[in-house]
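K.L.:
Give me a model of this one.
(one chain, ligands or ions: 4)
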Amino acid sequence: IKDRKDISYQFYSHEDTIRMLEDKAMEDEFKHSLENNCFEVWYQPKYDPETERMVGAEGLIRWRDEKGNVIPPGKFIPLFERDGLIKVLDEYVFRKVCMQQLEWQKQGKEIIPVSINLSRASLYFDSVVSRYQQIADEIGVKTHLVPIEITESAAIDNDNIKGLADKFHDNGFPLLVDDFGSGYSSLATLNMKCFDTLKIDKSLIDYIGDFSGERLLEHTILLAKELGLCVTAEGVEREEQVDFLKQMKCDSIQGYYYSRPLPKEEFEKLLLTA
Ligand code: C2E
Ligand code: CA
Ligand code: CA
Ligand code: CA
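P.N.:
Numbering: from 1, shown residues only. Ligands and ions are numbered 1, 2, ... in the order given. Below you'll find the model as predicted:
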């Protein structure tokens, strides 16, 4: 037995051991952070290019460390995705956004949908829809005010995506395909009949300015619209992109051109009061 231990030990390099310790520390810190409100939801507005009005927003997670630095999700989400903590975090963000919507309602602010992200892992827990519905009910927020963003790749991988989408719809949640056009994109996604809105990824938006790229984008938008989908463009940074998307009657635009994601206090200044 002792020998075996020695053998199995050899499978781990020094780096692996350090990595595991770091992961463990990360997990502990996750729990500590959750309990101490170190996770914040920031909000990035979505604008209708025609009217220049804010028509929605996306809630995006931020982690504030002990020194007050803001850590972007790219730094910690991949890790949380590996060990399942992401499900806890997704639900936390959903709950926060619901409570925020209620607070803004009470303050007489204009009410716009604020979408949240569901990771691949969250889609694999069976009761996700009833659970989210129950949270929204408990808080007293209509589910149509908290649309759900699912990345295209997670949707394609999930054999049960149609069943899930039906359940979300039965409970009033609008569904968005996120990151459409990044990675291995499939025209079949457009015909899944699961989604209400197509969010076109920055990598396609960056085609604007290139002749054939623009034709591809143009026809993607036309096709999506013809199939009854709303179209949102993300990662829009430049005026020529806004002009193009406006011409294409894109329903909404999200990107640094209009605004970066903002902390709650800054974002709510943009909301009109009724
Ligand atoms: P995403 O869902 O595609 O969110 C959009 C990301 O693009 C955000 O990055 C946003 O800050 C960034 N962005 C927006 N406009 C522009 C632009 O004009 N130019 C550029 N270069 N970037 C722009 P962020 O906040 O760092 O989030 C990164 C990713 O982390 C998100 O990508 C999403 O996949 C994930 N994420 C964020 N919050 C959550 C969450 O609560 N749950 C889950 N599962 N994932 C989340
Ligand atoms: Ca998203
Ligand atoms: Ca996206
Ligand atoms: Ca993305």
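K.L.:
The lengthiest strand in the chain - contacts with which helices or strands?
P.N.:
For the chain, the strand with the greatest residue count under DSSP state E is strand 53-64. Packing partners of strand 53-64 (3 or more Cβ pairs under 8 Å, 6 or more residues apart in numbering; DSSP states H and E): strand 39-48, strand 70-71, helix 85-106, strand 114-117, strand 252-254. C-betas here are computed from N, CA, C, even on glycine.
K.L.:
which bits of the stretch 151-274 of the chain sit near ligand 1?
P.N.:
For the stretch 151-274 of the chain, the residues found near ligand 1 under the criterion Cβ under 6 Å from any ligand atom are 178-179, 202, 234-237, 254-256, 261.
K.L.:
Just give the closest residue to residue 53, not the sequence neighbours.
P.N.:
With Cβ to Cβ, 6 or more residues apart in numbering as the criterion, residue 53 has its nearest non-adjacent residue at 6.7 Å, and that residue is residue 47.
K.L.:
List the beta-bridge partners for that neighbour.
P.N.:
residue 54, residue 253 (DSSP bridges).
K.L.:
Isn't it up against residue 112?
P.N.:
No. Look at residue 47 against residue 112 with Cβ atoms under 8 Å: they stay out of range, at 10.7 Å.
K.L.:
which neighbours do the two share?
P.N.:
Counting by Cβ atoms under 8 Å, 6 or more residues apart in numbering, the residues touching both residue 47 and residue 112 are 54-55.
K.L.:
Between the two, point out the one with more neighbours.
P.N.:
residue 47 (21 against 17; other Cβ atoms under 10 Å).
K.L.:
Quick one: residues contacting that one.
P.N.:
53-55, 252-254, 258.
K.L.:
I'd like those as JSON lines, with neighbour count and distance to ligand 2 appended.
P.N.:
Formatted as JSON lines, those follow (neighbours: other Cβ atoms under 10 Å; distance: Cβ to the ion, whole Å):
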{"residue": "53", "neighbour count": "13", "distance to ligand 2": "21"}
{"residue": "54", "neighbour count": "19", "distance to ligand 2": "17"}
{"residue": "55", "neighbour count": "16", "distance to ligand 2": "16"}
{"residue": "252", "neighbour count": "23", "distance to ligand 2": "13"}
{"residue": "253", "neighbour count": "26", "distance to ligand 2": "14"}
{"residue": "254", "neighbour count": "23", "distance to ligand 2": "9"}
{"residue": "258", "neighbour count": "19", "distance to ligand 2": "16"}
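K.L.:
Could you export those residues as a markdown table, including distance to residue 126?
P.N.:
Below are these laid out as a markdown table (distance: Cβ to Cβ, whole Å):
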| residue | distance to residue 126 |
| --- | --- |
| 53 | 39 |
| 54 | 35 |
| 55 | 33 |
| 252 | 32 |
| 253 | 35 |
| 254 | 31 |
| 258 | 38 |
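K.L.:
In three-state terms, label residue 50 for me.
P.N.:
Recorded secondary structure, residue 50: coil (DSSP: H, G, I helix; E, B strand; the rest coil).
K.L.:
tally of neighbours for it?
P.N.:
For residue 50, using other Cβ under 10 Å, the count is 12.
K.L.:
for ligand 3, what are the nearby residues on the stretch 51-200 of the chain?
P.N.:
178-179 (Cβ under 5 Å from the ion).
K.L.:
Could you rerun that using 6 Å?
P.N.:
Contact residues, the stretch 51-200 of the chain versus ligand 3 (Cβ under 6 Å from the ion): 178-179, 199.
K.L.:
What is the nearest of those residues to ligand 2?
P.N.:
residue 178 (4.3 Å; Cβ to the ion).
K.L.:
wouldn't that closest one be in contact with residue 150 here?
P.N.:
Yes. When contacts are counted by Cβ under 8 Å, residue 178 is listed as touching residue 150 (6.1 Å).
K.L.:
okay, and the common contacts of those two?
P.N.:
Joint contacts of residue 178 and residue 150 (Cβ under 8 Å, 6+ apart) are residue 117.
K.L.:
quick one: the strands in the chain?
P.N.:
Using DSSP E, the strands found in the chain span residues 39-48, 53-64, 70-71, 114-117, 148-151, 175-180, 197-200, 230-234, 252-254, 262-263.
K.L.:
Can you tell me the centre-most residue of this structure?
P.N.:
Among the residues of the chain, residue 117 comes closest to the average C-alpha position under Cα atoms, centre = their mean, at 3.0 Å.
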